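In: Quick one: sequence and predicted model below, then my questions.
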Amino acid sequence: MFLRLVGKSLLHRRGRAGVALLALLVGAGMAAAMISVYYDANQKMTRELRAYGANVMVTHKEQGGLIDETVLRWIQTSLPSSEIVGAAPYLYVVAEARTADKNRRPVTLVLAGADFEQIKKASPWWEVAGEWVDGETEKAGCMIGVNVARELGLVQGSLILISIVTDDARDGSKLEPKSTAFTVRGIVTTGSEEDDQVFAPLGAVQSVSVHPNRLTAIAISVVGTVKQVEHFAASVSARFSDVEAKPIRQIAESEGAILGKLRLMMILVTVLVIAGAALSVATTLSELVIERRIEIGTMKALGAPDSRLLQLFLCELGGLGLLGGLTGYGVGLALAQLIGHSLFNRAVAPSFAVLLSVIVLSISISMLSGLAPIHRMREIKPAVILKGD
């Protein structure tokens, strides 16, 4: 009987109830969208920001020291593959580059042994004219910086001769007699020091420089917050006594700032929409109480205690809140899909926790918005209402 009374009360005044329900739907829908994006897309956001490049650099503690490849293997297995976007090893040696044209002067530069597949993952912002070297099947291909190509007059398909500059060569102005020929496969433009370097397969550079299984640095792209990235870097440094892993502050802090501003924007939008929804619901419920003052006065005159009227009103509010939360979650999830596809080209996964949070939030808004109307309802005097004053 009680529930039938609640249902008929809402249906009889479906106009006012519909306005309150619409306000709750808007508030719950926006909250559902923002919470879904916040929790599910947080990982997607940090992964999208990996386009900035590596955010952790691993080097030897001593300047000029080399690290063992076992460090690279440990890094690749220390975290789930979903959290490490790429770990690009490098071996840097000083070399002299020249062409077959003897009229051109040789150029002293940095030869970098690299894993090109990992560079694609850790540094996706590289601009390459031509093609990437397949390091697994091609040992004589290389990629050169745009400044090297300009200085030596090289294009894709050109032959470049590389001679390793040894310590003796630096002191006596002599070159290692043996030169290694590489074919230019691509020309790299980054706007940084890579434009002045030559990149060859890691194994080939380790061989010609007589540094087998040795690396100069490892550039790592790790998915995570600033604190998670710092924790990962600290774990690498703690694991190997001769290795130092440092977060690249500019990148890590920039990502943190972007995510922080995005979260703040989501929170502000959600709070403003919920506040507007609460105000609309409170206004609608107050008008509803005014419309029902004769009904409330009659019920009080027939002996209905305030507690029973309070239960009736709270059940009506709870029903509105529950219905608003359920429908709002559906609308919000659809909105979250649009946001997810437009920003990350991925869907936002539905979550039972988000659904539960939205329902609780919607019911809470409905209940809190009813505090003023409930107070007004308790002040209604049956004698005054039935008298017609």
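Out: Looks like it came in fine.
In: Ignoring the adjacent residues along the chain, who's closest to Arg263?
Out: Tyr38 (6.6 Å; CB to CB, 6 or more residues apart in numbering). C-beta: built from backbone N, CA, C; applies to glycine.
In: what's the answer for Gly370, then?
Out: Leu317 (4.7 Å).
In: Count the residues that sit near the one you found.
Out: Counted with other CB atoms under 10 Å, the neighbours of Leu317 add up to 23.
In: The helix or strand hosting it: which residues count as buried?
Out: Counting by DSSP states H and E, the element that carries Leu317 is helix 306-344. Buried residues in helix 306-344, counted by 16 or more other CB atoms under 10 Å: 309, 312-313, 315-325, 327-333, 335-337, 339-340, 344.
In: Stretch 264-273 now?
Out: Buried, per 16+ other CB under 10 Å, within stretch 264-273: 266, 270, 273.
In: Over to stretch 114-124?
Out: For stretch 114-124, burial by neighbour count (16+ other CB under 10 Å) applies to 114-116, 118-119, 121-123.
In: What of stretch 94-114?
Out: Going by 16+ other CB under 10 Å, stretch 94-114 has these buried residues: 95-99, 106-107, 109-114.
In: Same question for stretch 351-362.
Out: So for stretch 351-362, counting by 16+ other CB under 10 Å, buried means 351, 354-355, 357-359, 361-362.
In: Now tabulate those residues in JSON lines and tack on secondary structure and distance to Val85.
Out: As requested, the buried residues of stretch 351-362 are exported to JSON lines (DSSP: H, G, I helix; E, B strand; the rest coil; distance: CB to CB, whole Å):
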{"residue": "Ser351", "secondary structure": "coil", "distance to Val85": "24"}
{"residue": "Val354", "secondary structure": "helix", "distance to Val85": "27"}
{"residue": "Leu355", "secondary structure": "helix", "distance to Val85": "31"}
{"residue": "Ser357", "secondary structure": "helix", "distance to Val85": "30"}
{"residue": "Val358", "secondary structure": "helix", "distance to Val85": "32"}
{"residue": "Ile359", "secondary structure": "helix", "distance to Val85": "36"}
{"residue": "Leu361", "secondary structure": "helix", "distance to Val85": "35"}
{"residue": "Ser362", "secondary structure": "helix", "distance to Val85": "38"}
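In: how about a markdown table for the residues you listed, with pLDDT added?
Out: Converted to a markdown table, those look like this (pLDDT from 0 to 100):
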| residue | pLDDT |
| --- | --- |
| Ser351 | 81 |
| Val354 | 85 |
| Leu355 | 88 |
| Ser357 | 86 |
| Val358 | 87 |
| Ile359 | 89 |
| Leu361 | 85 |
| Ser362 | 86 |
